[in-house]
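>>> Structure of the sequence below:
(chains A and B)
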Amino acid sequence: MYWGRVFTTFFIIMALSTNIGFIFDPSAFELILATSFNLIATTLKLGKRGILSAEILATSFVADLHLLPAVYMFFAVGNILAAKGLAMGAAVANVISIIFIIIDLVKHEDD
Amino acid sequence: MANNPRHKKYRQDDSRAVINWDELKDVFSVFVQWKRPPLDIQPGEDINQILGRLRSPIIVMILILTFGTLGYMAIDDYSPLNALYMTVITIATVGYSEVAPTSSEGRIFSMGLIFSGIAGFGYSMGVFVSIISDGHLIRSLGERHMVKQVGLLDQHFIICGLNETSQEIIKQFQKKRIPFVVIDNFDGFDVKCLGLKVEYHINGDPFSDVNLRKAHISTCRGVIAASSSDNDNFAIVVSAKILFDKFDNKSAYIYSIAKDIENKEKLLKIGAKHVITPQIIAGQRLVSYAIKPDASHFVDDVIYSDDTDVDLEEMEIKDINNFPGRHIKDMELKAFDLMVFAIKREKEIITQVSGDTDIQQGDVLLVIGKIKDMQRYLKKYAEKFA
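Have a look, this model is predicted:
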């Protein structure tokens, strides 16, 4: 088994699942976990070579740039609704990122 | 005007040259990256490797910070900012006091965090410092810029190996304003290139495919294997040959030096167009100086010296239909005080040349004359030659 891929996939899926978790149960713990896993998922995509690597990294940045303001809105402003909205945006970016990863994987296997 | 690099120096020298809008458009397009020519290799592979090295320490740091923050929030009900602050000052061993009342469980958690955190923090800092201190990052960023600049070159030469021989090649190319890229890999290579005013240089093994691609081999005019080692020259010739085939660069040739006379034949066999053995050339030149000193000095002056106003130029007949009469006199050389003293036709050299001598497509004419006359002639007729 290719453990590097297991590790990467784990964090990418965790980024999405914790994000969804926060949307349904907006707690501080969920938000911190979602943000951390998203940051880790972005880091894992840094410097990766692939057909869609640039697009995958870009969608990951989109998710981060939704979640970091969400953290600010949640903890500093206290606007939970805005934080949830931003987290939903990040979730969409996460889903697109996963679709890109699957396409990249399939194309890579074909080649 | 034809895009002929061989005659480019005349276009550059002529201050009265008319504006060529096509060339200006190309330059402008490249400048604004509308039409940037494709590179043989994407720059930044090294940067990807560096980013790959950074992945683990960044992930370790994020995990520790998340673990610490959530831990303090869960155990002692710290606010998120206080929990993060406490985690940072704990793993960085700063030793400030606790930012909020901490329970026994919280202190036990702090102890665990200190041990795990210091190890992770130390590892991460070690990797960061090593990436900065080994200079790899700065070198890669510089090379990225260089590869992009080299990617704009066309009809240039790639000189593989920087030594006394290649320094002479560089000198001649600079004098004739022929673009070139130098590839070599030794300590102080970049500084040496700076000293020699070499504009384009790639720091790496000259026989490596990657470095030849960085030197934009797909549009080059030739590769010169000038390494001091014949083994390296073998590898350079083979790599260049494979890449020429890959990029379908049929107009480029490989030139090589062979230190060992026995290797000349082998280098020719594997794809070199011309192979020079310094011992043989030195012997032949010495003999020519001993037997025909004036002729030798004359040729040297014409080809290499800066002090003469006489130049020798090769003109290849691109399309015979440009000269309907198909004779030397139809080329109007005489009107410019220029003279053809030999014609190279396939493997034959024709030396008895007069106005009535016929010319054929593909002929290479060796023309001699004053530099200013040559400039005037090529300014007018450069597009007729390959």
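
>>> Surely B:Asp187 is within a helix?
No - going by DSSP: H, G, I helix; E, B strand; the rest coil, the assignment for B:Asp187 is coil, not a helix.

>>> What lies in contact with the helix or strand harbouring B:Val299?
Using DSSP states H and E, B:Val299 sits in helix B:293-304. If you take Cβ atoms under 8 Å, 6 or more residues apart in numbering or on different chains as the criterion, helix B:293-304 is touched by B:172, B:285, B:288-289, B:307-308, B:310-312, B:368. In this view, the C-beta of every residue, glycine as well, is placed from N, C-alpha and C.

>>> what pLDDT, on average, does stretch B:271-280 get?
Across stretch B:271-280, the average pLDDT comes to 89.

>>> end to end, how far does it reach?
For stretch B:271-280, the first-to-last residue distance is 21 Å (Cα to Cα, to the nearest Å).

>>> likewise stretch B:174-191?
Counting by Cα to Cα, you get 18 Å between the two ends of stretch B:174-191.

>>> Could you pull out the buried residues of it?
Neighbour counts over stretch B:174-191 (16 or more other Cβ atoms under 10 Å in any protein chain shown) mark B:178-184, B:189 as buried.

>>> Helices of the chain, residue ranges please.
Because you didn't say which chain, this covers chain A. For chain A, the helices defined by DSSP state H cover A:3-24, A:28-45, A:53-71, A:80-110.

>>> try again with chain B
Using DSSP H, the helices of chain B run over B:8-13, B:21-31, B:45-76, B:80-91, B:104-133, B:136-150, B:164-176, B:189-195, B:209-214, B:230-246, B:262-269, B:278-291, B:293-304, B:371-381.

>>> Export these as a markdown table, with columns for distance to B:Leu338.
Formatted as a markdown table, the helices of chain B follow (distance: least, Cβ to Cβ, whole Å):
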| stretch | distance to B:Leu338 |
| --- | --- |
| helix B:8-13 | 13 |
| helix B:21-31 | 26 |
| helix B:45-76 | 49 |
| helix B:80-91 | 79 |
| helix B:104-133 | 60 |
| helix B:136-150 | 35 |
| helix B:164-176 | 19 |
| helix B:189-195 | 37 |
| helix B:209-214 | 38 |
| helix B:230-246 | 34 |
| helix B:262-269 | 34 |
| helix B:278-291 | 26 |
| helix B:293-304 | 13 |
| helix B:371-381 | 6 |
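
>>> which regions of the chain lie under the pLDDT threshold?
With no chain named, the answer covers chain A. Along chain A, the model assigns pLDDT under 70 to residues A:110-111.

>>> Sorry, I should have been clearer: chain B.
For chain B (pLDDT under 70), the answer is B:1-37, B:42-45, B:305-307, B:386.

>>> which parts of stretch B:96-112 are buried?
B:98, B:102, B:106, B:109-110.

>>> can you tell me which two in those are farthest apart?
B:Glu98 and B:Phe109 (11.8 Å; Cβ to Cβ).

>>> Which residues of chain A lie near chain B?
Selection of chain A residues close to chain B by Cβ under 8 Å from any Cβ of the partner chain yields A:28-29, A:32-33, A:36, A:39-40, A:43-44, A:46-49, A:71, A:75.

>>> rerun at 7 Å
Neighbours of chain B within chain A, by Cβ under 7 Å from any Cβ of the partner chain: A:28-29, A:32-33, A:36, A:39-40, A:43-44, A:46-47, A:49, A:75.

>>> Could you give me the ChimeraX syntax to select whichever of these are buried?
Entered in ChimeraX, the line below selects the buried ones among those, by 16+ other Cβ under 10 Å:
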select /A:28,29,32,33,36,39,40,43,44,46,47,75
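
>>> Report the separation between the nearest residue to A:Ala34 once chain neighbours are set aside and chain B.
Distances taken as Cβ to Cβ, 6 or more residues apart in numbering or on different chains place A:Thr18 nearest to A:Ala34, at 4.0 Å, with adjacent residues excluded. According to Cβ to the nearest Cβ, to the nearest Å, A:Thr18 and chain B sit 11 Å apart.

>>> burial count for A:Thr18?
24 (other Cβ atoms under 10 Å in any protein chain shown).

>>> cool, B:Ala282 as well?
Counted by other Cβ under 10 Å, the residues lying close to B:Ala282 total 10.

>>> what does A:Ala90 give?
A:Ala90: 29 surrounding residues under other Cβ under 10 Å.

>>> before we move on, the earlier item: any idea how far the residue nearest to A:Ala34 is from B:Thr69?
The gap separating A:Thr18 from B:Thr69 is 14 Å, by Cβ to Cβ, to the nearest Å.

>>> Alright, I will stop here.
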